[in-house]
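> model this:
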Amino acid sequence: MTTSTLEPVEIQGRRSRIDAREKRLINCHQVDVNQLMPLKYKWAWEHYINGCANHWMPTEVPMHKDIEIWRSQELSADARLVIMRNLGFFATAESLVGNNLVLAIFKHVTNAECRQYLLRQAFEEAVHTHTFLYVVESLGLNEGEVFNMYREIPSIARKDAFEMELTREVLEPGFSTDSLEGVQTFLKNLIGYYIIMEGIFFYTGFAMILKFHSQNLMKGIGEQFQYILRDETIHLNFGVDLINGIKQENPAAWTVEFKEQMIARIREAVELEIAYAEDCLPNGVLGLNSGLFRDYVQYIADRRLERIGLPVQYGSQNPFNWMSETIDLPKEKNFFETRVTEYQTGGSLSWDD
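Coordinates of the predicted model:
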């Protein structure tokens, strides 16, 4: 069977044909409906399929061992601080990402297959937020303390404020991506959320919690972080493809000045994340300390810069080679005796993608 690049569609009582070549990631004014077929950006559809293959729910992960450890004296005050700070940051950060997707990004991404993935990602952000509520309820934590850290803990508040400003810019009345400045503002938002929030800010917490997991501590939380990391890997891969695609279709926006501005923002984000690591680890725990995280965050930032065509800034080495040993979930996971769920690997799970 052969397929044409043209797809008939009924629009306001008239018959029209949509050429895949007319599709654009943003500023596509030729198509009057959210026309999925024919696919132009197959990478977006592949990310959607990979996201669906990774489906999971937090309540499938048993928490009884975590509850026992949390109620015992096994964890030091420093260890508890690490867990609490990470719960406090992620609980609100995931909702910020979800809000930005639904309120800011979805409106301006005009391609249907990308929108299909964004809908999937928005659901995953809701699952991640559900995860932190599930952990808080399971451990019997003070909900107000955890969910208000974005207001009360300066290192968390600064990171969240850094991101929320990007959403406000895109939500300004009259904002559009029709102008060169609008495209650059939108790219700044995408870089801020995909490269910085999900690609840098999240990875400090992943390393901390997975270190507990590797030491057979709080394995329920650690397992859920593994699933979240699997989702975030695909989020990051999609974001990189979207950013690079918009750059390719709007080359005039990727100026030397704009690239320098993005490098400066990423460098600022690195310092915010190092300060957060210092706040989480004032005395160190389980062989982790804030000095190691300076190298780690810088190493991660260099990898993110490379993927969107910007020069590396730090040249730091990865201090956490053990991450590769604890990051992957087995393909099949028994949560209950009567249920076996297969989780596919989807996108690459390499932590430094």
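
> Counting by contacts, list what the host helix or strand of residue 202 packs against.
For residue 202, the enclosing helix or strand under DSSP states H and E is helix 202-214. On a contact count with 3 or more CB pairs under 8 Å, 6 or more residues apart in numbering; DSSP states H and E, helix 202-214 meets helix 77-100, helix 219-249, helix 256-280, helix 290-307, helix 323-326. C-beta here means a position set from N, CA and C on the backbone, and glycine is covered the same way.

> List of residues touching that helix?
The contact list for helix 202-214 (CB atoms under 8 Å, 6 or more residues apart in numbering) reads 79, 82-83, 86, 89-90, 93, 218-219, 221-223, 225-226, 228-229, 232, 273, 276-277, 280-281, 286-288, 293, 296-297, 300, 320, 322-323, 325-327, 351.

> Buried among those? Need that as a selection in PyMOL.
Of the contacts of helix 202-214, the buried ones go into a single PyMOL selection, burial set by 16 or more other CB atoms under 10 Å:
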select buried, resi 79+82+83+86+89+90+93+218+219+221+222+223+225+226+228+229+232+273+276+277+280+281+286+288+293+296+297+300+320+323+326+327+351
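
> out of the helices and strands packed on helix 202-214, nearest to residue 67?
Nearest of these to residue 67, taken as CB to CB: helix 219-249 at 8.4 Å.

> Please name every helix or strand in contact with that closest one.
Secondary-structure packing of helix 219-249 (3+ CB pairs under 8 Å, 6+ apart): helix 42-53, helix 64-71, helix 112-139, helix 180-190, helix 202-214.

> Centre of the chain to the helix holding residue 202, how far?
Centroid displacement of helix 202-214 relative to its chain, using CA atoms, centre = their mean, to the nearest Å, is 15 Å.

> Give the buried residues for it.
For helix 202-214, a neighbour-count test (16+ other CB under 10 Å) marks 202-214 as buried.

> With just CA atoms, put it into CSV.
The C-alpha coordinates for helix 202-214 follow below in CSV (Å, rounded to 0.1, in the frame of the first residue of the first chain):
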residue,chain,number,x,y,z
PHE,A,202,16.1,17.4,38.6
TYR,A,203,19.4,15.5,38.3
THR,A,204,20.8,16.5,41.6
GLY,A,205,17.8,15.0,43.3
PHE,A,206,17.9,11.9,41.2
ALA,A,207,21.6,11.3,42.2
MET,A,208,20.8,11.8,45.9
ILE,A,209,17.8,9.6,46.1
LEU,A,210,19.3,6.9,44.0
LYS,A,211,22.3,6.8,46.3
PHE,A,212,19.9,5.9,49.1
HIS,A,213,18.4,3.2,46.8
SER,A,214,21.8,1.8,46.1
